[in-house]
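In: I'd like to go over a predicted model; first the sequence, then the structure.
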Amino acid sequence: MTELLIADDHPLFREALRGVVSRTFPQTVIHEADQFDRLYELVERYPDADLLLLDLDMPGARGFSALIHLRALHPQLPIVIISAHEEPVIMRRALDHGAMGFIPKSSDARQLGAALLQIFEGFPWAPEGIENYPGADDDEMAIADRLRDLTPQQFRVLQMVSSGQLNKQIAYDLNVSEATIKAHMTHIMRKLGASNRTQAVLIASRLGIPDDTSIQS
């Protein structure tokens, strides 16, 4: 029996993806998440899932941060990006950060099924020619290494800070004291090599995707 995790915040796309997966692998059990916190719970519950299909724009973790964090926590879990960001450089960066493949959301059912078949056979899949494009540079890879050192709670706090939330708001949402959030920020800044909160956000933003490369799904 195949066990698959799908992480995407668009219900219609998840429905379409379920249909393709069910036709291609009839015995597949599918678990879904529409935001990063829910995905984190799923991965903790099903650490031996056969594959995670991950959208780059999951609420709670944008860009490559979720991919990098999950690869560090669960290196045994194959992750394939399925995204509306279809620029070759974005695809190449995803592969550099540990994705087993990259499937554009514009792929039709036949292409998607063929890609999944190849991936389940143990072979990476991405559109042809991706290897010819520049990927993540040394600076970006160094930041990714630092991000891997964050604990799950530190990662959550960093993502919330990056979205513009204040310590008081974050403490309320996570049901902890403001002093706890300040302590997390101290550890986050140390691990990222940042001297203040703003610099930590700027460092983390290097793992994002520029707005001008976005393709709306």
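Out: Arrived safely, thanks for sending.
In: For residue 34, give me its contacts.
Out: With contact set as Cβ atoms under 8 Å, 6 or more residues apart in numbering, residue 34 has these partners: 7, 8, 9, 11, 14, 59. Yep, even glycine has a C-beta here, placed from its N, CA and C like the rest.
In: That should have said residue 173, apologies.
Out: By Cβ under 8 Å, 6+ apart, the residues touching residue 173 are 160, 165.
In: check which helix or strand covers it.
Out: helix 167-174 (DSSP states H and E).
In: Could you grab the helix/strand/coil label for residue 181?
Out: Three-state assignment for residue 181 (DSSP: H, G, I helix; E, B strand; the rest coil): helix.
In: low pLDDT regions in the protein?
Out: 1, 210-217 (pLDDT under 70).
In: what are the ranges of the strands in it?
Out: Using DSSP state E, the strands of the chain run over residues 3-7, 29-33, 51-54, 57-58, 61-62, 79-83, 101-104.
In: other SSEs contacting the third one?
Out: Spelled out, it's strand 51-54. strand 3-7, helix 65-73, strand 79-83 (3 or more Cβ pairs under 8 Å, 6 or more residues apart in numbering; DSSP states H and E).
In: Just give me how far the first one sits from the chain centre.
Out: Which is strand 3-7. Relative to the centre of its chain, strand 3-7 is centred 13 Å away, using Cα atoms, centre = their mean, to the nearest Å.
In: again with stretch 22-35
Out: 18 Å.
In: residues of that stretch that come out buried?
Out: For stretch 22-35, the neighbour count (16 or more other Cβ atoms under 10 Å) marks 24, 25, 28, 30, 31, 32, 33, 34 as buried.
In: In contact with the fifth one, which residues?
Out: Read that as residue 31. Contacts of residue 31 (Cβ under 8 Å, 6+ apart): 3, 4, 5, 6, 42, 45, 46, 49.
In: Next, the contact list for the second one, please.
Out: When the contact criterion is Cβ under 8 Å, 6+ apart, the partners of residue 4 are 21, 25, 28, 29, 30, 31, 49, 50, 51, 52, 53.
In: how close does it sit to residue 151?
Out: Distance of residue 4 to residue 151, given as Cβ to Cβ, to the nearest Å: 27 Å.
In: Counting neighbours, what do you get for residue 175?
Out: Applying other Cβ atoms under 10 Å, we find 7 residues neighbouring residue 175.
In: and of the helices and strands packed on strand 51-54, who's closest to residue 144?
Out: With Cβ to Cβ as the criterion, residue 144 lies closest to helix 65-73 of the helices and strands packed on strand 51-54, at 4.9 Å.
In: tell me which strands and helices the closest one is in contact with?
Out: When contacts are defined as 3+ Cβ pairs under 8 Å, 6+ apart, helix 65-73 packs onto helix 36-45, strand 51-54, strand 79-83, helix 138-147, helix 152-162.
In: Turn the ones you listed into JSON lines, including distance to residue 119.
Out: Below are the helices and strands packed on helix 65-73 laid out as JSON lines (distance: least, Cβ to Cβ, whole Å):
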{"stretch": "helix 36-45", "distance to residue 119": "18"}
{"stretch": "strand 51-54", "distance to residue 119": "7"}
{"stretch": "strand 79-83", "distance to residue 119": "6"}
{"stretch": "helix 138-147", "distance to residue 119": "22"}
{"stretch": "helix 152-162", "distance to residue 119": "26"}
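In: Now mean neighbour count too, for the ones you listed, in JSON lines please.
Out: As requested, the helices and strands packed on helix 65-73 are exported to JSON lines (neighbours: other Cβ atoms under 10 Å):
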{"stretch": "helix 36-45", "mean neighbour count": "17"}
{"stretch": "strand 51-54", "mean neighbour count": "24"}
{"stretch": "strand 79-83", "mean neighbour count": "24"}
{"stretch": "helix 138-147", "mean neighbour count": "16"}
{"stretch": "helix 152-162", "mean neighbour count": "21"}
